[in-house]
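K.L.:
Okay, predicted coordinates and the sequence, questions at the end:
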Amino acid sequence: MNDIRPIRKAVFPVAGLGTRFLPATKVMPKEMLPINDRPLIQHVFEEAREAGIEEFIFVTGRYKEMLEEHFDFQPELEQTLEARGKTDMLQKVRDSEIPAGRLFLTRQPRPLGLGHAVWCAKKLVGDEPFAVLLPDDIIQNPTGCLQQMIETYNEKGGNVVAVKNIAREDTGKYGILDIDKDDGHTVSVKGLVEKPEPAKAPSTLSIIGRYILQPEVFEYLDAFETGAGNEIQLTDAMARLLGRQQFHGLRFDGNHFDCGSRLGFIEANIAYGLADLDIGADVEKIVRGHAGNFE
């Protein structure tokens, strides 16, 4: 399919206030909260970089300067680490840098919803397909979720979303797919519903925070139509593309953690700590020790 254009750009909506984590997020952006040895935003950035993304677009809000600083060149820190012979730490710092001309920032001045946040990146995305990654969603897997999605996109084209099955009572929290065909790995989509009541949900297959979208989605986001929660919903704009373009959901490989909740954040830290070769065995002892307190 020669008309499939490569995915070069990724949008990261990072304008949220992180109220669920107050007072920790009074000053620190939620996206800078650490999962093991690196902040949330870096986990998602690395996933995008490993998938071949070339341009990283942050949709920010007020008091988010720390995000930009984190990915900037830090000469004093690097010089200090080099002088002290801490080459492993030096490499970690360098791995967290985004090269010049690859990081772009735009503002979402008011919290009008995910659809509005993506619309704020319209001029930077231009007329080409792009990815959207929500930093609240972390997927632990040797092959990143976005890389898996790009492989599906290269085969099928159109739009691709990452999906997972959830409990029916939770459908009111997510965008839910109405499924046409299902081969157990990918599904073709005939409908999308944002946060339906459990009894009205067409399935229990929910979108999680990874998207590959065609630029035509901006035609519908331009209308600024509000949906669930009186917000401009990305799901509603994507639904308008159905019938016009290919649309697939991918059941990705990996463990998904919703780090927008305190419980999911703690679970992710435990999982990544257990997987850390330097501290994993000790983390396991700690977890087992605390589990013993409840026996």
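P.N.:
Received, thanks. Keep in mind the model is a prediction, meaning the values are calculated, not measured. Residues are numbered from 1 along each chain as shown.
K.L.:
and the chain, what are its domains?
P.N.:
9-260, 261-295 (automatic domain parsing).
K.L.:
Same list (those) but as JSON lines, adding distance to Asp3 and mean pLDDT.
P.N.:
Where C-beta positions appear, they are placed from N, C-alpha and C, glycine not excepted. Shown next, in JSON lines, are the domains of the chain (distance: least, C-beta to C-beta, whole Å; pLDDT from 0 to 100):
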{"stretch": "domain 9-260", "distance to Asp3": "7", "mean pLDDT": "91"}
{"stretch": "domain 261-295", "distance to Asp3": "38", "mean pLDDT": "91"}
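K.L.:
winner for burial among those domains?
P.N.:
Highest mean neighbour count among the domains of the chain (mean count of other C-beta atoms under 10 Å): domain 9-260, with a mean of 18.
K.L.:
which SS class is Val59?
P.N.:
What DSSP: H, G, I helix; E, B strand; the rest coil gives for Val59 is strand.
K.L.:
Verify the stated contact: it with Gly115.
P.N.:
No. Val59 is not in contact with Gly115 according to C-beta atoms under 8 Å; the separation is 11.5 Å.
K.L.:
Which stretches in the stretch 151-295 of the chain count as helices?
P.N.:
217-221, 234-241, 262-275, 280-292 (DSSP state H, counting those that start in this stretch).
K.L.:
which strands and helices sit next to the longest one?
P.N.:
For helix 262-275, the elements it packs on are strand 34-35, strand 137-140, strand 255-258, helix 280-292, judged by 3 or more C-beta pairs under 8 Å, 6 or more residues apart in numbering; DSSP states H and E.
K.L.:
got the angle between the last one and helix 262-275?
P.N.:
The one in question is helix 280-292. 130 degrees (axes from the mean of the first three to the mean of the last three C-alpha atoms, to 10 degrees).
K.L.:
now what about helix 280-292, what contacts it?
P.N.:
With C-beta atoms under 8 Å, 6 or more residues apart in numbering as the test, helix 280-292 has contacts from Ile270, Gly273, Leu274, Asp276.
K.L.:
what's near enough to touch the closest residue to the last one other than its chain neighbours?
P.N.:
Leaving aside its chain neighbours, Asp276 sits nearest to Asn36 (5.9 Å; criterion: C-beta to C-beta, 6 or more residues apart in numbering). Asn36 makes contact with Asn269, Tyr272, Gly273, Asp276, according to C-beta under 8 Å, 6+ apart.
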